[in-house]
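Visitor: give the three-dimensional model of this entry:
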Amino acid sequence: MIYQVQLVKGLFRPDDRFYQLDHAEEIRGLWSRISLLIIVSTALYFLSGLLGIQSESVSAYLADVGNTEFEGQKMLFAIGSATWGLLYPLLILFLPALLFWTFLEVDFRKLLVLQSFVFVIYLIEVCLLILLNVTLAIPRDSSPFSLGVLAQYVTENELITSFFSFITLFHIWAMTLQYKFLKRSSEKSPRFVLLLILAITIALWLFSALFTSIHVDRLF
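Guide: Numbers count the residues shown, from 1 in each chain. This next block holds a predicted model:
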């Protein structure tokens with residue numbers, strides 16, 4: 001069976017697509033889709049950087065600089081955001097796929113297809129976060145789709161609130177897709193599959209929270 005990668009259909013008709021993917025002998029369109037995801041991710045994060053999203057600590061550092069230097073530093077921040085947008089899909093696509101391949105013994109190419117579906121969900125979330133920030137000035141930590149809002153009522157610790165801001169409806173959606181496919185494709189027990197997904201996802205949440213909680217102004 002030949003499987004043609006179709007990312008949108010994979011999101012909204014997962015059972016049919018996962019059945020075809022599980023029985024596929026040849027996968028077509030994978031690398032072109034991955035390349036497209038990387039391009040879109042880089043562009044979105046560059047736009048986010050230009051709009052100054054997640055730049056609070058940098059803004060404090062640039063408060064006293066002139067307009068020309070400010071614009072230059074703003075562009076550097078946007079380039080830095082774009083660099084993260086380039087690296088982030090590589091992290092999300094390849095690291096979980098490698099771990100799933102190691103522990104669950106599922107075909108690596110099929111795992112990359114699965115993680116491509118996951119990353120499309122993450123990009124949908126990024127688009128909505130940009131929209132919320134631009135129109136309503138709502139940052140990631142206060143996103144109505146995450147537990148970050150609840151965490152702010154419990155603690156003022158920035159790392160903790162940042163961590164909970166990554167626990168979103170979109171990430172739960174992504175984990176559900178992962179579980180559906182891996183439970184079908186792996187011979188391991190469903191409990192082991194679920195625990196592995198949780199462990200990898202929590203580790204990524206923690207890394208993302210640490211990364212986004214860096215105070216640039218304290219580095220100077």
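Visitor: check which residues of the longest helix along the chain are buried.
Guide: Taking DSSP state H as the assignment, the helix of the chain that covers the most residues is helix 67-104. Neighbour-count burial for helix 67-104 flags 73-74, 77-78, 80-82, 84-85, 88-89, 92-93, 96-97, 99-101, 103-104 (criterion: 16 or more other C-beta atoms under 10 Å). For the C-beta atoms, the positions are set from N, CA and C on the backbone; glycine is no exception.
Visitor: cool, stretch 126-142 as well?
Guide: For stretch 126-142, a neighbour-count test (16+ other C-beta under 10 Å) marks 126, 129-130, 132-133, 140-142 as buried.
Visitor: swap in stretch 182-200?
Guide: Buried, per 16+ other C-beta under 10 Å, within stretch 182-200: 182-183, 185-186, 188, 193, 196-197, 200.
Visitor: now those residues as TSV including secondary structure and pLDDT?
Guide: Formatted as TSV, these follow (DSSP: H, G, I helix; E, B strand; the rest coil; pLDDT from 0 to 100):
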residue	secondary structure	pLDDT
182	helix	96
183	helix	94
185	helix	93
186	coil	93
188	coil	94
193	helix	97
196	helix	97
197	helix	97
200	helix	96
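Visitor: with distance to residue 18 added, can I get those in TSV?
Guide: Listed next are these as TSV, based on distance: C-beta to C-beta, whole Å:
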residue	distance to residue 18
182	10
183	10
185	8
186	12
188	16
193	14
196	17
197	15
200	19
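Visitor: most widely separated two among those?
Guide: Farthest pair in the buried residues of stretch 182-200 (C-beta to C-beta) is 185 and 200. Separation: 16.0 Å.
Visitor: please, which helix or strand holds residue 110?
Guide: helix 108-136 (DSSP states H and E).
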